[in-house]
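S.K.: Structure of the sequence below:
(chains A and B)
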2 protein chains.
Amino acid sequence: MRRTEWIAVDWGTSTLRAWTIDHNGQVFQKLQSSSGVSVLMPNEFEATLLELIAPFLDHDAVTTVLCCGMVGARQGWEEAKYSMVPCQTGGIKDAHRVITMDKRLEVVILPGFAQSLPADVMRGEETQIAGFLKWEPNFFGTICLPGTHTKWAQISANEVVSFRTFLTGEIFELLTKHSTLRFNLTTDAWDQAAFLDAVNDALSAPHYFSSRLFEIRSDALLNEIHAETARARLSGFVIGLELAGARAYWLGQDIALIGSSSLCSLYQTALEQQGINSETHDGDDMVLEGLKAAYRSLRLASS
Amino acid sequence: MRRTEWIAVDWGTSTLRAWTIDHNGQVFQKLQSSSGVSVLMPNEFEATLLELIAPFLDHDAVTTVLCCGMVGARQGWEEAKYSMVPCQTGGIKDAHRVITMDKRLEVVILPGFAQSLPADVMRGEETQIAGFLKWEPNFFGTICLPGTHTKWAQISANEVVSFRTFLTGEIFELLTKHSTLRFNLTTDAWDQAAFLDAVNDALSAPHYFSSRLFEIRSDALLNEIHAETARARLSGFVIGLELAGARAYWLGQDIALIGSSSLCSLYQTALEQQGINSETHDGDDMVLEGLKAAYRSLRLASS
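M.R.: This next block holds a predicted model:
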């Protein structure tokens, strides 16, 4: 069996992901569990982690497990600090060492990033940004990380200068799952023209947002619009509202999108309609790169 | 026992309310059940109604039960038409007669109101408006009906000229019950200054709406703002966003608010801050007046 030098872990609200990495820096196992932070009590983290990675630990050595994400939140395993922006990415200054029962483990949780004004926080995205900046060290501009809580970050000289979070994905999910609109949205089909129209509408008239939502339902009742149109329109309204609020981040900029390919593709077409170019990068690839960079810093610091 | 001449019913999504009315037009029983439209199948409506009102029916006569609200929606008892605005309130032209099993009942469902562009619908609020216009027949201006789906209606010469619905109450409830913010909102206390600041903020910068929502959470994490501040701020953001979209309805107008006193009071202070006067009317009183007016039209039409 290949020996594990260290293990990279991205432990978010709903998913735990781990990569075992050998002495040549190569990933040889990709592990995943649905034991996200939201379903765990603080005293359950160590056992949950061991369940996933125990087969890959040495019996007579200590293996470093380097974590990022909500695992370091107050409701996570143990709270890791926030680094206040503006600050360099990929640092380990505020990293938090967890004292584990199992002596084979050296668990380190990377800090999140925080901002004073407007108050904002991220945990996990800062590591994706660090990974991206390893690939493109001279990047100057804006990174957008679409998701449940979409982040826009302004980057300069390897620093996150400022950032802003939008509740976009969560609003979409709440409306899709729990609202009176939900009956009008049950489809996997997609009406791209309706999506782009709704983005434009919300960009030019964000104040109509909560009225436009009800209009989806009225239009379904009176004009029997299809579920794929209703769903795409809803998505367009929430993304358009976000783009209206994030205008200072994207106007006149080239954008790097980091996230799932389907969501990044929506943002890409929405931005394209505004004349904005963007390139897309896989979120998992970036977070792994970021964890690798942090591991190198950790080894340098301890050598 | 006093004899029932007819029964007024407001049957909404979550509540069924009935008033028994004697031959002098006086209410002598107020009945209420939680069997709202959302928990009933179409074939359950008659039994549900009888369970509530049977003690007040004559055995040897037919009693008129005049209904308004979601009971006339597609997912209700039987679908009643919509009257298209602009149109007079208090009319019975498009009222729908339900053929019941129990021959003691004459059930009539009042039509809702609909609008083509922007597509919009109401069921129940048109009857509250009709009731209000019986009290103030010369009213010219804007009526606002705060609630799960807040309505703004422009009134002229006893007609609803146009109206617009905002998903305000529902967004607030979704965020309070189901979102990641919910942990920061568990209180019944209230920070009025935070509410008014948030209304102002959303009115002047509605495009930041989904960002401000996340900021509530960040502010709770970084600055430990109290739950009463977070909750009032959330309420202010959703109501302020609505006021931004409804500006054409309230700017330079005197407003009549119809609804629950607590919610109307929030709207009243928010509008006052913008220099707008408003008077408040109880929603139950108004719907009962509206049903009484419709009953008189019904009797006139059949005599």
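S.K.: Where does A:Ile239 sit: helix, strand or coil?
M.R.: Classification of A:Ile239 by DSSP: H, G, I helix; E, B strand; the rest coil places it in helix.
S.K.: got the CA coordinates for stretch A:223-231 in CSV?
M.R.: Extracted C-alpha coordinates of stretch A:223-231, given in CSV (Å, rounded to 0.1, in the frame of the first residue of the first chain):
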residue,chain,number,x,y,z
ASN,A,223,-51.0,32.3,-18.5
GLU,A,224,-50.0,28.7,-17.7
ILE,A,225,-46.3,29.3,-18.3
HIS,A,226,-44.3,26.1,-18.1
ALA,A,227,-42.3,25.0,-15.1
GLU,A,228,-39.0,25.3,-17.0
THR,A,229,-39.8,28.9,-17.7
ALA,A,230,-40.8,29.6,-14.1
ARG,A,231,-37.7,27.9,-12.7
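S.K.: Tell me who's in contact with whichever residue of the stretch 1-150 of chain A sits closest to chain B.
M.R.: Per C-beta to the nearest C-beta, A:Ala119 is where the stretch 1-150 of chain A lies closest to chain B, at 4.1 Å. Where you see a C-beta, it was placed from the backbone N, CA and C, and this is true even at glycine. Shown in contact with A:Ala119 (C-beta atoms under 8 Å, 6 or more residues apart in numbering or on different chains): B:Glu215, B:Ser218, B:Asp219, B:Leu221, B:Leu222, B:Asn223.
S.K.: let's go with 6 Å and repeat that
M.R.: Neighbouring residues of A:Ala119 by C-beta atoms under 6 Å, 6 or more residues apart in numbering or on different chains: B:Glu215, B:Ser218, B:Asp219, B:Leu222.
S.K.: for A:Ser33, same thing?
M.R.: By C-beta under 6 Å, 6+ apart, A:Ser33 lies in contact with A:Leu16, A:Leu52.
S.K.: quick one, phi/psi of it?
M.R.: Phi and psi for A:Ser33, reported as degrees, to the nearest 10, are phi -140, psi 160.
S.K.: And A:Leu145, by the same measure?
M.R.: Note on A:Leu145: backbone dihedrals following degrees, to the nearest 10 are phi -120, psi 90.
S.K.: Equivalent analysis for A:Gln253, please.
M.R.: phi -110, psi 160.
S.K.: ok, the spatially most central residue of chain A to B:Gln32 distance?
M.R.: Nearest to the geometric centre of chain A sits A:Glu125, at 4.9 Å (C-alpha atoms, centre = their mean). Look at A:Glu125 and B:Gln32: by C-beta to C-beta, to the nearest Å, they are 49 Å apart.
S.K.: got the residue ranges for the helices in the stretch 1-150 of chain A?
M.R.: A:45-53, A:125-135 (DSSP state H, counting those that start in this stretch).
S.K.: want to throw those helices into JSON lines with distance to chain B?
M.R.: Below are the helices of the stretch 1-150 of chain A laid out as JSON lines (distance: least, C-beta to the nearest C-beta, whole Å):
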{"stretch": "helix A:45-53", "distance to chain B": "19"}
{"stretch": "helix A:125-135", "distance to chain B": "13"}
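S.K.: which of those helices sits most buried?
M.R.: Between those, helix A:125-135 has the highest mean count of neighbours, a mean of 25, where neighbours are mean count of other C-beta atoms under 10 Å in any protein chain shown.
S.K.: can you dump the C-alpha coordinates of that one into PDB?
M.R.: In PDB, the C-alpha atoms belonging to helix A:125-135 read as follows (Å, rounded to 0.1, in the frame of the first residue of the first chain):
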ATOM      1  CA  GLU A 125     -13.600  29.800  -0.200                       C
ATOM      2  CA  GLU A 126     -10.300  31.500   0.900                       C
ATOM      3  CA  THR A 127      -8.600  28.100   0.300                       C
ATOM      4  CA  GLN A 128     -10.200  27.900  -3.200                       C
ATOM      5  CA  ILE A 129      -8.900  31.400  -3.900                       C
ATOM      6  CA  ALA A 130      -5.400  30.400  -2.600                       C
ATOM      7  CA  GLY A 131      -5.400  27.400  -4.900                       C
ATOM      8  CA  PHE A 132      -6.400  29.500  -7.900                       C
ATOM      9  CA  LEU A 133      -3.700  32.000  -7.100                       C
ATOM     10  CA  LYS A 134      -1.100  29.200  -7.100                       C
ATOM     11  CA  TRP A 135      -2.200  28.500 -10.700                       C
END
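S.K.: now for that helix, which elements pack on it?
M.R.: When contacts are defined as 3 or more C-beta pairs under 6 Å, 6 or more residues apart in numbering or on different chains; DSSP states H and E, helix A:125-135 packs onto helix A:283-302.
S.K.: so where does the residue of chain A most remote from its centre fall, helix or strand?
M.R.: Each residue of chain A has a distance to the centre, and by C-alpha atoms, centre = their mean the biggest one is for A:Leu222: 38.6 Å. Using DSSP states H and E, A:Leu222 maps to helix A:209-223.
S.K.: Cheers, nothing more for now.
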